[in-house]
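In: curious how this folds, go ahead:
(one chain, ligands or ions: 3)
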Amino acid sequence: MDVKKGNGNKNRILDRTLERLANRRKVPIYVLVVLLLIYFASALIISLTAGSQKVVMFGGNPLYIYTLAGVFSSVANLCIVLMVIFCGKPGFIASITVLLVQIPMMIIGIINGTLSSMPGLFSNALTFIVVLVIYVNNRKVEEYQQRMQEQATTDVLTGLPNGFASTELLDEMVRHNKPFASVAIDVNNFKSINDTMGFDMGNKVLIEIASRCRKIADEGLSGTLDFISRINGDEYSLIIRNYDSIEAVEKTIKKYESALEEKMLIDGYELFINACFGYAVFPEDSTDRNTMINYSVAAMKEVKRINSSEHIMHFTPELLKDQKSLVIDNKVRFALENDMIGFNLQPQYDISHKLRGFEALARMKDSEGNVISPAEFIPAAERLGMIDSLDLMVYRKSAMFIGELIRKTGSGIILSINASVKHLMKSGFSEEIHSLLKDSGIPAKQLEIEITESILIESAEKAADCLNKLKNMGIRIAIDDFGTGYSSLSYLNSFPSDILKIDKSFIDKMNDSDSSKKYVEAIISLAHVLDLEVIAEGVEEQEQLETLRNIHCDHIQGFIWGKPLPQNEAEALLMGGSL
Ligand code: C2E
Ligand code: CA
Ligand code: CA
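Out: Ligands and ions are numbered 1, 2, ... in the order given. Predicted structure coming up:
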């Protein structure tokens, strides 16, 4: 592959792009030729008609031939002016030449006594001035446009093309359906250079990075056709073309990687930097310019995040999931910081349909008012280590609400709250619950804490300690989602629990087979032997309800009798209910 030739091609594409940006289009050379031909034809007509005394009849009127000379001299002058307006420097040279050539001829005419040359000379001189004024003015406008164009497409600090130029080139490539790789480059720990060595030093590092990259791109050292630009801060972008395989793309990126890793000597300081590279290829990964950029940035961020010795990553669709979770993480952080976590209350009933209490379920909307599912925001809060704040927000709000209702009605309803095991294990959990009881006025026996079975067993010893403390305070403990983990009843015996919540998946299976029904029946009997009450979760159908009644299930929580409710509806339910 002839890379040098390729680089010429790159420049042509870029020049075209830049020209379009400056809205400056060159008029093709044939326009100049046509104008010159018209000019010479007019000059010929003038010379043939100027001295003629002939008269021809035109539309019944006499027409003096010499008057045509005046008309065509205007046409000739117009051609001269158009040449300089549309044809830049060549137009200017051509027009000045023809004007200058005429002058001696006219002067000779005047000397020979042909005074008719006088107006011609005068108009020639005027045209000359007009041509000069237009040309000088055009030059100024062009220089200004050139400066504007450079500013619009060049990064001031490094002199590299900027992000705008890069996206223009990407658009061009997409439009021509030409394969390319878009590479996002981000310097590692650049902030620490700025922080420790100052802004000036940071700038010099950015300039050095640019010059190393430019050298590879301009001299075709990578074996592919490359276009490097600075997007902003310590982010650069590379567009790779003329490659024959993904390996060639990676080889090119490695070239840049090692160039950046070479020692830098700036102001007497030795510096070592490195960068992360994420890339996507057109058209395989995407055929859209913005998506290509986003994908390469996603790959770059991922390689940064995993912080391994490998600094180059090709985009894969799995990365989008990570990006999505990043968006959720930000929303959760925002909601927590702005007290935007709310709660719903799902009623729990005993088997005779008498209200037992409510489970508080966290609810969240993002800043645009879109509802986010707990299946998304609970794991995000756990990932972020913010689940305890989220739990507490729900506990506080729901306990204050239910506490008030209990005071108003004297009701014996139970408030069930969900505790993440991560939260439960934190020192100070029992103190938090203690102050929750005090502040809300809920009697301890009317507060129930739900802990998921599987995680509870994984951290059994530590959990048992904490649960015993809670139990001693008189609080009820529920084992949540029973059936999704080990389903080991004997194991659960070691926890001071009061109630078992059979997971929806078990309840759903009861419809499928008799053996599933028998299995749930066995769980309920064994739970009763262990002195545990049982709630069936996620009951939706009458048939399930009948079965659960027959196998002596104690309580029901499910859409069949009640969905999670906002506070006013929960209050109305309690007021209208029989407790
Ligand atoms: P969970 O503790 O098992 O809560 C029951 C979930 O099942 C709730 O989903 C509820 O709306 C849903 N559900 C109840 N009955 C039915 C039914 O008949 N059919 C169907 N299809 N679904 C039913 P939700 O509100 O989406 O909560 C999901 C999970 O999020 C909860 O499962 C719990 O593990 C977690 N969660 C909710 N609030 C909190 C909280 O404040 N703190 C913590 N740590 N986790 C919470
Ligand atoms: Ca629960
Ligand atoms: Ca559950």
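
In: and the residue in the stretch 451-579 of the chain that ligand 2 sits nearest to, bridged to which residues?
Out: Of all residues in the stretch 451-579 of the chain, Asp480 sits closest to ligand 2, at 4.4 Å by C-beta to the ion. For every residue, glycine as well, the C-beta is placed using N, CA and C. Beta-bridge pairing for Asp480 (DSSP bridges): Thr452.

In: okay, and the closest residue to ligand 3 within the stretch 151-300 of the chain sits in which element?
Out: With C-beta to the ion, the shortest gap between the stretch 151-300 of the chain and ligand 3 falls at Ala298, namely 34.2 Å. Using DSSP states H and E, Ala298 falls within helix 289-306.

In: for the very next helix or strand once past that helix, packing partners?
Out: Later in the chain than helix 289-306, the nearest helix or strand by DSSP H and E is strand 312-314. For strand 312-314, the packing partners by 3 or more C-beta pairs under 8 Å, 6 or more residues apart in numbering; DSSP states H and E come out as helix 246-261, strand 275-282, helix 289-306.

In: for ligand 2, find the nearest of these.
Out: For ligand 2, the closest of the helices and strands packed on strand 312-314 is helix 289-306, at 31.9 Å, according to C-beta to the ion.

In: before we move on, the earlier item: ok, the residue of the stretch 151-300 of the chain closest to ligand 3 - contacts?
Out: Contacts for Ala298 (C-beta atoms under 8 Å, 6 or more residues apart in numbering) come out as Gly278, Phe315, Leu319, Leu320, Asp322, Gln323.

In: now, which of those residues sits nearest Ser497?
Out: Minimum distance to Ser497 across the contacts of Ala298 is 36.9 Å, recorded for Asp322 (C-beta to C-beta).

In: what about that closest one, which SS state?
Out: Here Asp322 is helix, with the state taken from DSSP: H, G, I helix; E, B strand; the rest coil.

In: again, but for Val27
Out: Quick answer, by three-state DSSP: Val27 is coil.

In: next, count neighbours for it.
Out: Using other C-beta atoms under 10 Å, Val27 has 15 neighbouring residues.

In: any idea how far it is from ligand 3?
Out: 76 Å (C-beta to the ion, to the nearest Å).

In: C-terminal to the stretch of helix or strand Cys213 belongs to, what's the next element?
Out: Assigned by DSSP H and E, Cys213 belongs to helix 199-218. Following helix 199-218 in sequence order, the next helix or strand is strand 225-232 (DSSP H and E).

In: before we move on, the earlier item: could you check the angle strand 275-282 makes with the helix holding Ala298?
Out: If you take axes from the mean of the first three to the mean of the last three C-alpha atoms, to 10 degrees, helix 289-306 sits at 150 degrees to strand 275-282.

In: chain center to helix 289-306, what's the gap?
Out: With C-alpha atoms, centre = their mean, to the nearest Å as the basis, helix 289-306 stands 9 Å off its chain's centre.

In: with just CA atoms, put it into PDB.
Out: What follows is helix 289-306, C-alpha atoms only, in PDB (Å, rounded to 0.1, in the frame of the first residue of the first chain):
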ATOM      1  CA  ARG A 289     -21.100   8.600  12.700                       C
ATOM      2  CA  ASN A 290     -22.300   9.400  16.200                       C
ATOM      3  CA  THR A 291     -22.700   5.800  17.200                       C
ATOM      4  CA  MET A 292     -19.200   5.100  16.000                       C
ATOM      5  CA  ILE A 293     -17.800   7.900  18.200                       C
ATOM      6  CA  ASN A 294     -19.900   6.700  21.200                       C
ATOM      7  CA  TYR A 295     -18.800   3.100  20.700                       C
ATOM      8  CA  SER A 296     -15.100   4.000  20.600                       C
ATOM      9  CA  VAL A 297     -15.500   6.100  23.700                       C
ATOM     10  CA  ALA A 298     -17.400   3.300  25.500                       C
ATOM     11  CA  ALA A 299     -14.600   0.900  24.700                       C
ATOM     12  CA  MET A 300     -12.000   3.500  25.800                       C
ATOM     13  CA  LYS A 301     -13.800   4.100  29.100                       C
ATOM     14  CA  GLU A 302     -14.100   0.400  29.700                       C
ATOM     15  CA  VAL A 303     -10.400  -0.200  29.200                       C
ATOM     16  CA  LYS A 304      -9.800   2.700  31.600                       C
ATOM     17  CA  ARG A 305     -12.200   1.300  34.100                       C
ATOM     18  CA  ILE A 306     -10.700  -2.200  34.200                       C
END
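
In: tell me what angle it forms with strand 225-232.
Out: Helix 289-306 and strand 225-232 meet at an angle of 70 degrees, taking the same axes, to 10 degrees as the criterion.

In: ok, and for the lengthiest helix in the chain, which residues are buried?
Out: In the chain, ranked by residue count with DSSP state H as the criterion, the top helix is helix 117-153. Buried residues in helix 117-153, defined by neighbour count with 16 or more other C-beta atoms under 10 Å: Ser117, Gly120, Leu121, Asn124, Thr127, Phe128, Val131, Ile134, Tyr135, Asn138, Gln149, Thr153.

In: what does stretch 221-232 give?
Out: For stretch 221-232, the neighbour count (16+ other C-beta under 10 Å) marks Ser222, Thr224, Leu225, Asp226, Phe227, Ile228, Ser229, Arg230, Ile231 as buried.

In: so which of those residues comes closest to ligand 2?
Out: Nearest member of those to ligand 2, counting by C-beta to the ion, is Ile231, at 46.4 Å.

In: residues of this structure that sit close to ligand 3?
Out: Contacts of the chain with ligand 3, taken as C-beta under 5 Å from the ion, map to Asp480, Asp481, Glu537.

In: check whether whichever helix or strand Pro379 is part of contacts ligand 2.
Out: Here Pro379 sits within helix 374-383, counting by DSSP H and E. No. Judged by C-beta under 5 Å from the ion, helix 374-383 and ligand 2 are separated, with a smallest distance of 9.9 Å.

In: what's next to that helix, contact-wise?
Out: Residues outside helix 374-383 that contact it (C-beta under 8 Å, 6+ apart): 325, 328-329, 331-332, 335-336, 361-364, 387, 389-390, 420, 422.

In: coming back round to it: what angle do the longest helix of the chain and strand 225-232 make?
Out: Between helix 117-153 and strand 225-232, the angle comes out at 70 degrees (the same axes, to 10 degrees).
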